[in-house]
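A.B. asks: below: sequence and its predicted model.
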Amino acid sequence: MNAHAPPRNAAGAPARRRWRACLLLLALAACPPGLWPALAAPATTWMADNGNGSFTNPLFYDEFSDPDLIRVGDDFYMVGTTMHAVPGLPVLHSRDLVNWRFLSYAMPGFGPGDAFRLANGQESYGQGIWAPCIRYHDGTFYIFSNINGHGVQVFTARDPAGPWQHRSLGRSLHDLSVLFDDDGRVYAVYDYQQVRMVELKPDLSGVVEGSDRVLIPAGQAMGEGHHFYKIDGRYYIISANYAPVGRMQAARADRVEGPYETVVISAGETMGTQRGWWLDNIGQRDPLPTGATPFRMHKPGDNALGAVPLHQGGIVQLANGQWWGVSMMDLKSVGRTTFLSPVTWHDGWPYFGLPGNLGRSPRTWTKPDVGMATTPSATWERSDDFSAPALKPLWQWNHEPVPGRWSLSERPGALRLHSMPADGFLWARNTLTQRAIGPESSATVQLDASGLRPGDTAGLGLLNIPAAWIGVVREEAGPTLRWYAQEGDRHLDVPLPAARVHLRASADFDDDMAQLAYSLDGERFIPLGDPLRTPYGLKTFQGVRYALFAYSAPGAAGGHADFDDFRVEEPLADRSRNVPFGQVVQLSNRADGSLAWISPLGMLRSTREGAGDEGTRFRVHDRGQGRVALEVVDGGGFLTVVGAGLAADVRVAAHESADSLFMWQDMLRGEAMLLSLRTHRYLGFSPDSGEPYAADRPGTRPDRRDGTVLAWRAAR
């Protein structure tokens with residue numbers, strides 16, 4: 001089995017290039033730490049690794065839901081839910097829990113069934129395969145996951161890169177997790193609210209007759225999405241709950257059959273993320289809406305938690321004994337994304353968070369200590385010129401594709417989609433999709449519509465409900481460019497002088513808004529139609545996806561569409577300047593706009609804008625691994641936390657110490673929080689109280705106006 005990636009050079013080529021640049025620029029002088037990020041190539045896609053020994057959540061800024069992970073030797077493996085998309089169950093590999101690479105899909109397709117193929121009026125939107133569990137036992141990798149309505153599927157491989165063998169367990173076990181116990185017996189826990197346990201046959205051919213039992217009765221605050229472990233002789237179950245809001249629970253017992261006690265191990269952690277727009281009237285098993293469907297959506301309250309806080313996920317132990325956890329958080333219409341948290345054991349419980357701040361996770365923290373150097377890398381290549389013999393791994397089909405009706409070889413260097421009859425975009429077969437990436441992104445593609453026949457439609461869509469697209473409609477008189485929004489069944493047509501057109505979909509997922517545009521020359525893009533609201537809804541149970549599609553009207557003889565040069569751009573991907581290393585800055589509080597100020601008593605307080613710069617300017621010193629020290633330019637010292645970090649305990653000290661260190665939390669768009677490394681809590685104050693700053697805040701509210709979130713700007 002070749003399951004282990006080779007170790008990387010401790011320095012790596014990027015580090016060597018930066019070091020040579022430092023030598024050249026500074027004439028053999030030592031390279032200041034703060035200069036290193038500035039010399040690195042700007043990132044073009046989201047990477048959690050900051051390149052300085054720290055990482056910033058989320059691990060991926062696109063949907064990767066229901067994560068489960070394991071460690072095998074020095075290697076980590078993770079899987080996630082893929083619902084109705086094909087291929088399914090991506091297997092990722094990492095050496096450091098921060099940088100992940102794609103290995104394989106465990107499930108190439110669903111097998112027979114019209115619903116999986118958008119055939120004969122059936123569909124499986126939001127259904128399909130859910131909540132996988134990955135395990136390793138006696139040289140074999142296992143993935144257990146339910147296909148809704150078809151029971152538990154078991155995938156096995158000697159090498160996680162595949163090939164994977166598949167068989168059905170013959171029974172449905174909702175959101176199961178599997179434990180291979182020390183005595184050779186195999187158990188699965190499952191269900192919602194009450195936790196049930198069943199013993200599996202050693203060959204995994206089915207369940208042991210009569211073994212099903214209630215392990216934890218309802219009423220113990222447990223939920224679903226279970227993760228089952230045996231740690232130091234004790235049995236642990238970690239589960240997610242969303243009643244009334246998202247959180248993580250844990251149960252433990254000395255014996256596998258119980259009795260179990262339960263506690264909350266993570267709660268309230270949104271990292272300053274609000275709930276997004278929500279689709280109210282189309283549920284999981286409702287019929288697929290049509291253009292005549294009225295859509296009702298709303299924006300929840302500024303501090304409503306809903307399912308946003310960290311919830312479903314699992315834990316893993318490093319070789320050095322440290323523990324870490326992954327869990328998902330809802331990021332508006334991007335969907336459900338994966339976050340990495342340090343785990344602190346306290347009183348025998350694995351709390352997500354740091355000592356002194358249990359249950360709350362940092363957005364930015366030092367990378368796991370895995371005993372080797374790793375460099376920033378992206379999991380996916382998003383852009384595709386379709387010149388390779390296979391699609392890039394990020395692509396997934398919306399439902400099972402029809403063989404022979406798409407090609408990368410019929411026109412080399414292009415993706416060809418053959419039109420098949422469909423009653424609109426959401427029913428189009430062989431629609432190729434990839435997850436939209438936040439917080440902002442755009443997708444651009446060139447469409448050659450010369451192969452379309454009358455009755456055909458092809459283009460670039462936003463796969464969501466309500467859906468929208470921009471594309472070419474082929475009529476008897478010729479091609480027409482069309483913008484279409486399912487909400488209100490609206491369309492706007494523009495004459496198209498040529499068969500080639502460039503199409504673009506741009507989205508700001510912090511605002512849940514998108515805009516479609518086109519270009520005839522690939523340079524000047526013209527917005528078309530109204531801005532589009534992109535709510536999250538339970539019918540698709542996925543975030544927004546960029547989609548390439550072609551379909552024909554029922555009864556029409558379909559042609560084909562050729563797509564080329566698919567490009568994804570992420571305006572906020574380069575975060576190298578988000579921490580103002582070496583700069584003198586002023587910090588204003590999002591709660592009331594006041595400036596952070598060192599008072600004559602030496603305490604950090606607030607002052608109104610325009611009161612003068614004295615005591616409001618701070619030089620940001622890079623202390624490595626994402627840590628900073630703030631020198632008070634007008635006060636002759638460093639911002640330092642004393643005592644328990646209560647109000648008035650954030651002061652200026654003449655000399656820098658360990659208590660002067662903060663972990664800069666990059667909140668994007670010029671906003672940040674400062675995590676004290678003395679208290680593991682954040683700087684902040686209570687708005688309207690008039691009190692000085694403290695370093696005892698557990699984290700911020702979703703609206704970021706509770707006194708902990710700061711906006712920075714270069715000082716005058």
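C.D. replies: Alright, I've got the coordinates. Numbers count the residues shown, from 1 in each chain.

A.B. asks: count the residues that sit near residue 294.
C.D. replies: 8 (other CB atoms under 10 Å). From N, CA and C alone the C-beta is placed, and that goes for glycine too.

A.B. asks: quick check: phi and psi on the residue nearest to it when sequence neighbours are not counted?
C.D. replies: Nearest non-adjacent residue to residue 294, counting by CB to CB, 6 or more residues apart in numbering: residue 281, 7.6 Å away. Here the main-chain torsion angles of residue 281 (degrees, to the nearest 10) amount to phi -110, psi 10.

A.B. asks: correct me, but residue 281 touches residue 296?
C.D. replies: Yes - the pair residue 281 / residue 296 is scored as a contact, 4.5 Å apart, by CB atoms under 8 Å.

A.B. asks: the two: who's more crowded?
C.D. replies: Using other CB under 10 Å, the more surrounded residue of residue 281 and residue 296 is residue 281, with 13 against 10.

A.B. asks: can you tell me how far that one sits from residue 535?
C.D. replies: Distance of residue 281 to residue 535, computed by CB to CB, to the nearest Å: 11 Å.

A.B. asks: next: residue 144.
C.D. replies: From residue 144 to residue 535 the distance is 32 Å (CB to CB).

A.B. asks: keeping just the C-alphas, turn the one helix or strand residue 266 maps to into CSV.
C.D. replies: Using DSSP states H and E, the element containing residue 266 is strand 261-267. Extracted in CSV, the C-alpha atoms of strand 261-267 (Å, rounded to 0.1, in the frame of the first residue of the first chain):
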residue,chain,number,x,y,z
GLU,A,261,-23.1,11.3,30.5
THR,A,262,-23.2,14.3,28.1
VAL,A,263,-21.9,17.9,28.0
VAL,A,264,-21.6,20.7,25.4
ILE,A,265,-18.0,21.0,23.9
SER,A,266,-18.5,23.9,21.4
ALA,A,267,-21.2,26.6,21.4
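
A.B. asks: pLDDT score for the residue nearest to residue 294?
C.D. replies: Model confidence at residue 281, given as pLDDT, is 96.

A.B. asks: now do it against residue 427, distance only.
C.D. replies: Counting by CB to CB, the gap from residue 281 to residue 427 is 20 Å.

A.B. asks: may I have stretch 282-295 exported as PDB, CA atoms only?
C.D. replies: Output in PDB follows, covering the C-alpha atoms of stretch 282-295 (Å, rounded to 0.1, in the frame of the first residue of the first chain):
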ATOM      1  CA  ILE A 282     -39.200  25.200  -0.500                       C
ATOM      2  CA  GLY A 283     -38.300  22.200   1.800                       C
ATOM      3  CA  GLN A 284     -36.200  19.100   1.400                       C
ATOM      4  CA  ARG A 285     -38.800  16.900  -0.200                       C
ATOM      5  CA  ASP A 286     -41.000  19.500  -1.800                       C
ATOM      6  CA  PRO A 287     -41.400  19.300  -5.600                       C
ATOM      7  CA  LEU A 288     -38.800  21.100  -7.600                       C
ATOM      8  CA  PRO A 289     -40.100  24.600  -8.200                       C
ATOM      9  CA  THR A 290     -41.000  26.000 -11.600                       C
ATOM     10  CA  GLY A 291     -41.000  29.500 -13.000                       C
ATOM     11  CA  ALA A 292     -44.500  29.900 -11.600                       C
ATOM     12  CA  THR A 293     -43.500  29.100  -8.000                       C
ATOM     13  CA  PRO A 294     -43.600  32.200  -5.700                       C
ATOM     14  CA  PHE A 295     -40.400  32.300  -3.600                       C
END
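
A.B. asks: check which residues of that stretch are buried.
C.D. replies: Within stretch 282-295, the residues scored as buried using 16 or more other CB atoms under 10 Å are 282, 288-289, 291, 293, 295.

A.B. asks: and if you look at stretch 644-659?
C.D. replies: In stretch 644-659, counting by 16+ other CB under 10 Å, buried: 645, 647-653, 656, 659.

A.B. asks: ok, now stretch 556-571?
C.D. replies: Buried, per 16+ other CB under 10 Å, within stretch 556-571: 556, 558-566, 568-570.

A.B. asks: if we can go back for a sec, heading toward the C-terminus, what's the first helix or strand past the strand holding residue 266?
C.D. replies: strand 278-279.

A.B. asks: quick one: list the elements packing against that next one.
C.D. replies: Secondary-structure packing of strand 278-279 (3 or more CB pairs under 8 Å, 6 or more residues apart in numbering; DSSP states H and E): strand 297-298.

A.B. asks: which residues touch the helix or strand that the strand it packs on is followed by?
C.D. replies: Downstream of strand 297-298, the next assigned helix or strand under DSSP H and E is strand 313-317. If you take CB atoms under 8 Å, 6 or more residues apart in numbering as the criterion, strand 313-317 is touched by 67-71, 76, 97, 225, 227, 229, 231, 238, 240, 248, 323-328, 338-339, 343, 350.

A.B. asks: ok, residue 472 - how many residues close by?
C.D. replies: When neighbours are defined as other CB under 10 Å, residue 472 has 27 of them.

A.B. asks: buried set for stretch 262-275?
C.D. replies: So for stretch 262-275, counting by 16+ other CB under 10 Å, buried means 262, 264-275.

A.B. asks: with stretch 683-699 instead?
C.D. replies: So for stretch 683-699, counting by 16+ other CB under 10 Å, buried means 683-685, 687, 691-699.

A.B. asks: determine which two of those are furthest apart.
C.D. replies: Farthest pair in the buried residues of stretch 683-699 (CB to CB) is 692 and 699. Separation: 19.7 Å.

A.B. asks: helix, strand or coil for the nearest residue to residue 594 once chain neighbours are set aside?
C.D. replies: Excluding its sequence neighbours, the residue lying closest to residue 594 (CB to CB, 6+ apart) is residue 606, at 3.8 Å. The three-state assignment at residue 606 reads strand, by DSSP: H, G, I helix; E, B strand; the rest coil.

A.B. asks: can you name the residues bridging to residue 606?
C.D. replies: residue 596 (DSSP bridges).

A.B. asks: that one: neighbour count?
C.D. replies: 23.

A.B. asks: all helices of the chain, in order?
C.D. replies: 12-26, 35-39 (DSSP state H).

A.B. asks: the stretch 101-250 of the chain: strands as residue ranges?
C.D. replies: 129-137, 140-147, 151-157, 165-168, 177-180, 186-190, 195-200, 213-216, 224-231, 234-241, 247-253 (DSSP state E, counting those that start in this stretch).
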